[in-house]
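Q: Here's a sequence, model it:
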Amino acid sequence: MPHSIMRVDIAGRDVTRYLQLLLRKEGMNFRTSAELEIVKTIKERACYLSSNAIKEETSETEKTVYTLPDGSTVEVGAAKFRAPELLFRPDLIGEESEGLHEVLTFSIQKSDMDLRRTLFANIVLSGGSTLFKGFGDRLLGEVKKLAPKDVKIRISAPQERLYSTWIGGSILASLDTFRKMWVSKKEYDEDGARALHRKTF
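A: Modelled structure (predicted):
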């Protein structure tokens with residue numbers, strides 16, 4: 001299993017910074033760290049993932065009015081769907097890495113053949129960036145293009161997915177049945193990630 005674990009270095013903070021750049025191009029300048037928090041809030045409330053980004057680019061985008069903390073308003077245009085696009089197209093900021101859908105598919109393809117169908121049928125979303133409106137549908141569409149045609153793909157999006165990893169970790173830590181899987185600090189300092197793989201796979 002360790003050979004099929006892959007990592008994506010594009011996350012919510014990168015989407016926020018990219019949105020900051022796009023908003024600057026639309027005439028709104030957010031520079032300070034406090035203003036970056038405002039950009040983050042705009043990202044969380046106004047941004048969405050388009051199922052067809054190319055079509056969205058050519059059509060007229062309806063602007064979303066956002067009220068700033070001082071009471072003034074700003075209109076967010078195409079930036080609201082362009083910014084989250086970064087998760088699927090890291091090349092938009094010059095990153096030479098694969099998009100989330102490609103990393104997911106490659107990771108499954110690198111695992112044992114007899115596990116692939118099970119993994120495609122049990123994709124679980126977790127983390128703040130999965131909360132974008134349209135994320136699940138977009139991911140499903142992109143994975144379908146890359147996966148073998150006869151494979152059933154199922155994506156679960158738990159309501160509490162913002163904190164899923166923490167909830168899972170706390171449950172794991174509190175159950176006696178998982179005590180044998182615990183990794184002590186000493187073990188981790190000695191073996192690093194290998195200690196996790198040895199105890200869990």
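
Q: hey, let's count contacts and neighbours off CA atoms from now on
A: OK.

Q: contacting residues for residue 16?
A: By CA atoms under 8 Å, 6 or more residues apart in numbering, the contact set of residue 16 is 36, 39, 40, 43, 83.

Q: Flag every buried residue along whichever strand or helix holds it.
A: Assigned by DSSP states H and E, residue 16 belongs to helix 12-25. For helix 12-25, burial by neighbour count (16 or more other CA atoms under 10 Å) applies to 12, 14, 15, 16, 18, 19, 20, 21, 22, 23.

Q: now the next helix or strand after it: mean pLDDT?
A: Downstream of helix 12-25, the first helix or strand assigned by DSSP H and E is helix 33-46. For helix 33-46, mean pLDDT rounds to 94.

Q: ditto for stretch 76-83
A: 93.

Q: What is the three-state secondary structure of the residue most central in space within the chain?
A: Taking CA atoms, centre = their mean as the criterion, residue 129 is the residue nearest the geometric centre of the chain, at 4.2 Å. Three-state assignment for residue 129 (DSSP: H, G, I helix; E, B strand; the rest coil): helix.

Q: before we move on, what about residue 65?
A: strand.

Q: Report how many residues lie close to it.
A: Per other CA atoms under 10 Å, the neighbour tally for residue 65 reads 12.

Q: Then residue 35?
A: Residue 35: 14 neighbours (other CA under 10 Å).

Q: measure it to residue 74 for me?
A: Relative to residue 74, residue 35 is positioned 13 Å away (CA to CA, to the nearest Å).

Q: ok, and the closest non-adjacent residue to residue 172?
A: residue 178 (6.3 Å; CA to CA, 6 or more residues apart in numbering).

Q: so that neighbour touches residue 171, yeah?
A: No - counting by CA atoms under 8 Å, residue 178 sits too far from residue 171 to count as a contact (9.4 Å).

Q: Not counting sequence-adjacent ones, nearest residue to residue 67?
A: According to CA to CA, 6+ apart, the nearest residue to residue 67 is residue 73 (4.3 Å).
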